[in-house]
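>>> mind folding the following:
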Amino acid sequence: MLLHRRTAVVVLAALLLVSVYRFCSVGSGYGVPVWVRGDRNGDGEAMNGTLGFEKVFVINLPSRRDRRDSMALAGVVSNLNFTFIRALTGENAVLPAPLALGNAAEDRTATDFSHSASTGARGSWGSHLSALQSIVDLKLGSALVLEDDVDWDVRLKAQMRTFARASRTWLAIEQRKRPKAGPLLSSVSNIRGAIKTDVEGDAIALPPHVPLIDGGSRARSASPYGDNWDVLWLGHCGADLPTAQREARSRTPDSFSSSSSALKITIANDTTVPAPKHLQPHPFALLDALADAYPAHTRVVHASRGNVCSLAYAVSQRGARKLLRRFSEDGFVAQWDLMLRDYCSGEDEEQSRGMEQGRKDRESLICLTVQPPLISHRYETGGGASVSDIRGQGGGFAREKMGTPYIRLSVQANLDRLLAGYPEERLVDQLPDHGSALW
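Below you'll find the model as predicted:
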């Protein structure tokens with residue numbers, strides 16, 4: 001108990017010091033760093049305290065006060081506003097049972113998983129479901145959901161502003177491909193002069209300017225990331241690059257699914273992207289395909305395909321309602337991130353063919369992701385706050401290393417320097433171009 005009290009006092013004192021530094025900026029002479037500033041111009045909403053979403057939720061178990069304190073401090077030095085959600089344990093998580101799938105073998109497999117899954121997996125599943133329910137109940141236009149063992153670059157706000165431009169570009173191009181789809185996506189007419197007329201290729205360089213004004217109604221987009229997206233998967237530990245367009249499964253333009261798109265928006269010469277040798281999520285993973293597919297320091301935004309680990313994802317109000325329906329209908333048949341992966345990749349649409357009409361008429365999803373991810377899992381030597389409550393990536397051997405895959409100027413690695421008010425050039429780059437790989 002005494003140890004907890006001392007930890008709380010230290011964290012509160014640190015938060016107070018950061019608050020004073022933020023608003024007074026005295027002593028160091030460095031001024032307020034660019035990564036904690038807000039921006040009200042253009043698409044600067046992506047740089048506000050909630051990164052352009054209405055809320056940023058952090059899922060946290062009451063027993064993991066160490067993680068809550070770590071995230072709270074990281075949020076303060078990043079000028080981010082977090083709302084903590086009480087995570088569920090496997091013992092107190094009430095999960096929906098799988099509905100009949102029409103196949104005895106599949107029914108048995110789903111039931112076996114729901115009974116044999118770890119308590120951590122059950123608790124995580126119920127916690128993420130609770131986060132979606134909060135988005136719907138609070139009538140939020142959108143929210144970002146974070147797990148409590150993540151890390152990000154001190155330049156996250158600038159990264160999110162660039163991602164917002166890429167997201168709007170992807171959405172606009174996809175609408176151009178479907179001219180009869182109506183007001184599905186935004187900024188179409190305004191962006192035409194900024195991108196190639198021929199969009200038959202599957203990779204487009206990010207234009208220098210992507211307007212926020214809707215091309216049809218002339219109204220401002222509700223989100224800096226564009227309109228009518230469902231999921232923005234910002235933090236993961238691996239994803240596939242879409243390599244070929246698959247035949248669209250939807251028969252009407254209004255039910256377009258991102259799973260049928262191979263479009264990729266490329267962001268070249270991004271200095272926040274590590275060198276190719278660093279693009280590996282854990283010790284036993286292969287290098288990401290991105291390492292060989294594009295020049296060094298290229299970031300790519302595309303439809304979610306094969307993502308694993310639900311470290312950070314944004315959900316719109318519409319997306320939260322769609323996902324709640326799907327998760328409730330299917331029940332607890334796999335880990336949360338794997339089910340979300342299948343929903344976004346369109347795998348469940350294939351499986352639902354031939355089933356009851358209610359399952360066949362599910363609304364399609366528009367899910368975007370980014371590689372390398374903007375938010376990643378933080379590993380600490382010996383475990384500590386980084387020990388997974390579900391199961392560790394890399395078979396647990398990653399505990400022998402300290403660092404955050406994909407993140408160069410890590411907030412967690414630079415906490416002391418950020419608290420001291422150091423400028424960017426004095427922060428530690430944990431993945432330097434000419435340094436050793438993390439693993």
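>>> which stretches of the stretch 101-250 of the chain have low pLDDT?
For the stretch 101-250 of the chain, the stretches with pLDDT under 70 are 101-117, 178-201, 213-219, 244-250.
>>> and the helices in it?
104-116, 119-137, 156-177, 188-191 (DSSP state H, counting those that start in this stretch).
>>> out of those helices, which one sits most buried?
helix 156-177 (a mean of 23; mean count of other C-beta atoms under 10 Å). The C-beta positions use only the backbone N, C-alpha and C, and glycine is treated the same way.
>>> can you say which of the helices of the stretch 101-250 of the chain is nearest to residue 379?
helix 119-137 (17.4 Å; C-beta to C-beta).
>>> tell me which other helices or strands that closest one touches.
With contacts taken as 3 or more C-beta pairs under 8 Å, 6 or more residues apart in numbering; DSSP states H and E, helix 119-137 sits against strand 55-60, strand 83-86, strand 142-147, helix 317-330, helix 336-345.
>>> adjacent strands (with direction) for the third one?
Strand partners for strand 142-147, identified by DSSP bridges, are recorded as strand 55-60 (parallel), strand 312-316 (antiparallel).
>>> then the shortest one to CSV, C-alphas only?
Extracted C-alpha coordinates of strand 312-316, given in CSV (Å, rounded to 0.1, in the frame of the first residue of the first chain):
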residue,chain,number,x,y,z
ALA,A,312,-5.0,1.4,-31.3
TYR,A,313,-8.0,1.9,-33.6
ALA,A,314,-10.5,4.7,-34.2
VAL,A,315,-14.1,4.0,-34.7
SER,A,316,-16.8,6.2,-36.1
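>>> ok, and what's touching it?
Strand 312-316 is contacted from outside by 53, 132, 135, 141-147, 150, 223, 225, 228-236, 323, 340, 373-375, using C-beta atoms under 8 Å, 6 or more residues apart in numbering.
>>> same question for that strand, mean pLDDT?
Mean per-residue pLDDT for strand 312-316: 98.
>>> and that strand with helix 156-177, angle?
50 degrees (axes from the mean of the first three to the mean of the last three C-alpha atoms, to 10 degrees).
>>> strand 312-316 vs helix 317-330, what angle?
Using the same axes, to 10 degrees: strand 312-316 against helix 317-330 is 100 degrees.
>>> repeat for the longest one
Orientation of strand 55-60 against helix 317-330 (the same axes, to 10 degrees) gives an angle of 40 degrees.
>>> CA-only coordinates of strand 55-60, as PDB, when you get a sec.
The C-alpha coordinates for strand 55-60 follow below in PDB (Å, rounded to 0.1, in the frame of the first residue of the first chain):
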ATOM      1  CA  LYS A  55     -12.600  11.100 -27.200                       C
ATOM      2  CA  VAL A  56      -9.500   9.000 -26.700                       C
ATOM      3  CA  PHE A  57     -10.300   5.900 -24.600                       C
ATOM      4  CA  VAL A  58      -7.600   3.900 -22.800                       C
ATOM      5  CA  ILE A  59      -8.600   0.400 -21.700                       C
ATOM      6  CA  ASN A  60      -7.000  -0.300 -18.300                       C
END
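>>> and it, what's buried?
Using 16 or more other C-beta atoms under 10 Å as the test for burial, strand 55-60 gives 55, 56, 57, 58, 59, 60.
>>> including distance to residue 286 and pLDDT, could those residues go into a markdown table?
As requested, these are exported to a markdown table (distance: C-beta to C-beta, whole Å; pLDDT from 0 to 100):
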| residue | distance to residue 286 | pLDDT |
| --- | --- | --- |
| 55 | 36 | 98 |
| 56 | 32 | 98 |
| 57 | 32 | 98 |
| 58 | 31 | 98 |
| 59 | 29 | 98 |
| 60 | 32 | 97 |
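>>> tabulate those residues (a markdown table), appending distance to residue 293.
Compiled in a markdown table, the buried residues of strand 55-60 are given as follows (distance: C-beta to C-beta, whole Å):
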| residue | distance to residue 293 |
| --- | --- |
| 55 | 35 |
| 56 | 31 |
| 57 | 33 |
| 58 | 33 |
| 59 | 32 |
| 60 | 36 |
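>>> closest one of the residues you listed to residue 281?
residue 59 (20.1 Å).
>>> returning to what we had before: switch the helices and strands packed on helix 119-137 over to JSON lines; also include distance to residue 266.
Converted to JSON lines, the helices and strands packed on helix 119-137 look like this (distance: least, C-beta to C-beta, whole Å):
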{"stretch": "strand 55-60", "distance to residue 266": "27"}
{"stretch": "strand 83-86", "distance to residue 266": "34"}
{"stretch": "strand 142-147", "distance to residue 266": "24"}
{"stretch": "helix 317-330", "distance to residue 266": "25"}
{"stretch": "helix 336-345", "distance to residue 266": "21"}
